[in-house]
Structure formats: C-alpha cells, structure tokens
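Model the following, please.
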Amino acid sequence: MIENLIYLSPLLTLLFGILGMLFFNKEQVNNSRCFRLARLVLLVSFFLVIVFYNKALLPMITQGSQFTLLFECLLYLCAFVVLYLSKKWFMSMNEPGNIFCCGIFTAVLCGCLLIESHNLLLTVVMCILFMLNNYVLLVNFRKNKEYVLSLKTYLSIMLMCWMVLAGALSVLYYYQIDFAYDMLRVDIDISQDNPLVYTAMAGVIVGFVFLLGLAPLHFGFTEALSETILPVITYFILVPVVACVGSFIQLNLYVLPPLHDKLIFFYESVALLSVGIGAIGACSARNIRKIFAYGAVNHLGLLMLVLYHFTMKTVDSSFVYLFVYLLAMGGICTALFGLKIKGEYLEMLNEFCGAAYKRPYVAAMLTVFIFSLLGVPPFLGFLGTFSVLSRLAVYNLYELVYVLIMMFVLAYAYIQVIRTFYFEESKAVFDRADKGIYTAMLFNAVLMLVIMVNPEYLVEDFVLMIETVFE
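Numbering: from 1, shown residues only. Prediction:
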C-alpha cells in the first residue's frame, strides 16, 4: 500500500498543486508567487517521474518504461515552457493565472496517465478529461467574452467525440472484450472479422484525432485558437500533442496490429486531409495565430502520414519530426510573446508590418524557426523533414509528391509572414520585449544549433529508447 502511494507521488504532487492553485484563487495571491509555485510543483513532479520511471503509477492498468519516460520528459518540458512564457502575459495584462496553472497541472496529469496507460478504459477516460480541460481553458481565457461561436463549435465536436468514445466502449463491453491492452489484443485478433469491433476501435482513434486537431475535426481547434489568448494557444500547440502521440503509438503497437490492414485507409485519409487543409487554411488566414494553428494541422498530418506504418524506423522518423516541431513551434510562440504594442499582444498579420526594423532580433529568430518548420537546409527542421520524406519515398511516391506540393503551399503562407516583417512599412512603436523572452529564444536557438551540429547523437538516443516499445 505504502509502496503504491510512493509510486503515485508524481500524480499526487500535481493534485496538491491543483488544490493549491484553487486555494490561491480564494486568497487572491499575486501572479508572481502563483507561477513560482506552479513551476516548483512541476519540477518536483518531474523529478519523481524520472526516479520512478519504470514503476507503474496505477498497478495493473499502467506501465512505465524508457519509452514512456521519453514522452513524459517532453510533456513536462513543454509544460515548463508554457508556464515560463505565460507568466509574462498574465503579469502584463494584470489577469489572475491560477486557473491557467490548474489547467496545465491537469493536462500533465492526464498526459502522464495517457502515456503510461495499458488499459483502454483508462485511455478513453483520460482523453475525455483532456478534452474537458481544454474546453475549460478556452471558456476562461477567450479574448472576447461575448464571442461564443468558436466555443460552440469546439463544444459540439467535443460532445460528438464523447458519444463516439462511449459507443466504442459499449460495443467492446457488449462483446465481452477485456480492456487491458494485453487481453484486448488477443480478443481483437479473435474478433477482427467483426465489423462492429473494427468500428469501435476506429471510434477510439477519433478521440486522438480531435485532441491533435487533425482534419476533419480541425475546425474546433483552429477556430478556437483564433479567439483565445496567447498562453492558451501555446499550450494547445505543444502540450496535448506530446501526450496524444505517445499514447497513440502505444495503442497501435500493443493493441491494434490485428486491425492494421483495415485501419490503414482511415489513417491515411486523416493524414492526407490534414496535410492539405492545413496548408490551404494557412494561406487563407490573416490572423497570424490562425496561420500557425493551420500550420500545426499540416505538420501533425505529415507526422501521422509516416507514423501510421508503425515500424521501428517510421516511429523513429516521426519522433524526430515531432521533436523538431516542438522546438520550432515553441520558438515561434516565444517570438509572438515578444511582440506587442502599448501592452497589447498582436494577432492580425498587418499589425506586424516592419517589425524586423523595430525588433530585429525577435524577427530574425522567428524567421529561423519558420525555416525550421519548413525543413529548409541547413536549419534543424531539415533533419526532421528529410527523415519523414525519406520514409515516404520508401512507402508511397504519390504521397511524397502530394506532400511536397502542400509544403510549397504552406511555404507561401509562412513567406507572407516573413514578407510582412521585413518588407512592409509601419510607423507603429513596438514595446520593449522582456529579457526573459530573449533568453528563451537564445536557449532554443543554441539547443537547435547543438543538435544540428551533432544530429547522430539525437537520432541514436531516440532509436535506443524507442526500441524498448518494440521488444
């Protein structure tokens, strides 16, 4: 009993953190102390996760390994980045940040259980809680309190996903299929010719499609992000992605191999649709946050396009691409935190006209991060993009041609951002960026440079850790 409580200490730390933030709300503690405590709670929980990485948080329904540790480390690092950047926003806007910190703690808690889950019921419950937590953040932190259309869209899609997930569990329960991953795979292997079982497992995957913001369920993701504050956008682009990709890989490797041939068309359709809609949507947007939201749909669709083959090489390639995506998107969000006028953070593309002349360092770093997202050599993004494209060349040349075309379409949207920064004239006076923003961008750039100079160490380490899930 005591041993199990010790292994649960990372989650218990996060739960105490949530309760502490709610208490601070009652006591109206200032943001500086609130975010300082939030980072401390995350740090303690992170340390405990590393110490007990190979122990089950919840015996019988979770498992810990080097693979789960890899994704949990990324999850915590993304949460640290979001908290570090968000403190600047909440303090400058004089808004209480305790509810936001609660949302981050809840997301990390759900994410850890998702990544370590080896029981389908736990996986579905954590997906539902993740969706609910995301919706709470959107409700509490939308820019215009009277604007509810995007929230209604997100809520409608979320409720539809809940019904699909509940229906999937009901079908599996009706056929007396065990929810534990090991037994679930055996039962699915026996029942793979049953169309209802196949449909039920496809329904479970719908929850991941929605959480990742993939097409055709991307509308709630892209529309909601255009109407919320910058810290919530940064959270959506980074945190749920890590948790969902880690859990999705394990679900497909441990449970779904008997249905892989039947699910390929579903995965491929979602991936190709996301790549196309993400690129075209980014070109049509004039809100810079919406541009990068659609860009995220494109990049995650490309990741899915390689990942769905689920061989060790494709999982490795997709993980390298995911890591580069997190670095580049994190850098872009950091740059957006460094650009504001009269205390207001900017969102429309035309508001950034001439920013390169007023804030050259921020604009230069934003350009570097954009080129990394596009995979332009010699930037770090080329490592991830080349890894993914090389796998596509092996599996399907037609998909490779389609992806290349969509990459050029997306590049047009990103180049418009760069053109606005460098070649549009503006008389606006940008506020001085906080030193922490420059520090974060410099750290990000140095990390990307180190990896770019020694990419073999990054890839080799990833391969060694990913091999554990194939053993």
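
for the nearest residue to residue 155 once chain neighbours are set aside, what are its contacts?
Counting by CB to CB, 6 or more residues apart in numbering, residue 155 lies nearest to residue 135, which is 6.4 Å off, once chain neighbours are set aside. Glycine gets a C-beta too; all of them are placed from N, C-alpha and C. Residue 135 makes contact with 151, 154-155, 158 under the criterion CB atoms under 8 Å, 6 or more residues apart in numbering.

One more: residue 438?
338, 361-362.

Would you mind giving those as CSV with secondary structure added?
Shown next, in CSV, are these (DSSP: H, G, I helix; E, B strand; the rest coil):
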residue, secondary structure
338, coil
361, helix
362, helix
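
Neighbour-wise, which one of the residues you listed leads?
Neighbour tally across the contacts of residue 438 (other CB atoms under 10 Å): the maximum, 26 neighbours, falls on residue 338.

Going along the chain, name the strands of the protein.
In the chain, the strands defined using DSSP state E lie at 340-341, 344-345.

Buried deepest among the ones you listed, which one?
With neighbours taken as mean count of other CB atoms under 10 Å, those reach their highest mean count in strand 340-341, at a mean of 18.

which other residues reach that one?
Outside strand 340-341, the residues within contact range by CB under 8 Å, 6+ apart are 92, 346, 351, 428-431.

Just give me the closest of these to residue 163.
residue 346 (38.5 Å; CB to CB).

my guess is that closest one meets residue 288, correct?
Yes - with contact defined as CB atoms under 8 Å, residue 346 counts as touching residue 288 (7.4 Å).

which residues touch residue 182?
By CB under 8 Å, 6+ apart, the neighbours of residue 182 are 118, 254.

low-scoring pLDDT stretches of this protein, where are they?
1, 3-4, 24-30, 143-149, 427, 454-471 (pLDDT under 70).

quick one: the closest residue to residue 245 other than its chain neighbours from residue 9, how far?
Spatially, and ignoring its direct neighbours in sequence, residue 245 is nearest to residue 322 (6.0 Å; CB to CB, 6+ apart). As judged by CB to CB, to the nearest Å, residue 322 and residue 9 stand 28 Å apart.

just the helices in the stretch 251-400 of the chain please.
Along the stretch 251-400 of the chain, counting by DSSP state H, counting those that start in this stretch, helices occupy 260-284, 288-307, 312-337, 355-358, 360-374, 381-395, 397-423.

where's the first one relative to the chain centroid, distance-wise?
Put simply, helix 260-284 sits 17 Å off its chain's centre (CA atoms, centre = their mean, to the nearest Å).

in that helix, what counts as buried?
Neighbour-count burial for helix 260-284, counted by 16 or more other CB atoms under 10 Å, picks out 262-263, 266-268, 270-283.

So what touches it?
For helix 260-284, the external contacting residues (CB under 8 Å, 6+ apart) are 192, 198, 201-202, 205, 209, 214-216, 218, 222, 252, 256, 290-292, 294-302, 304-305, 308, 310, 399, 402-403, 406-407, 409-410, 412-414, 416.

Show me how to select, in PyMOL, the buried members of those residues.
The PyMOL selection below is limited to those of the contacts of helix 260-284 classed as buried (16+ other CB under 10 Å):
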select buried, resi 192+198+201+202+205+209+214+215+218+222+252+256+290+291+292+294+295+296+297+298+299+300+301+302+304+305+308+310+399+402+403+406+407+409+410+413+414+416
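
looking at the contacts of residue 135, which has the most residues close by?
Busiest of the contacts of residue 135 [other CB under 10 Å] is residue 154, holding 23 neighbours.

so that residue makes contact with residue 222?
No - taking contacts as CB under 8 Å, residue 154 lies outside contact range of residue 222: 10.1 Å.

thinking again about what came up before, list residues touching both of residue 346 and residue 288?
336, 352.
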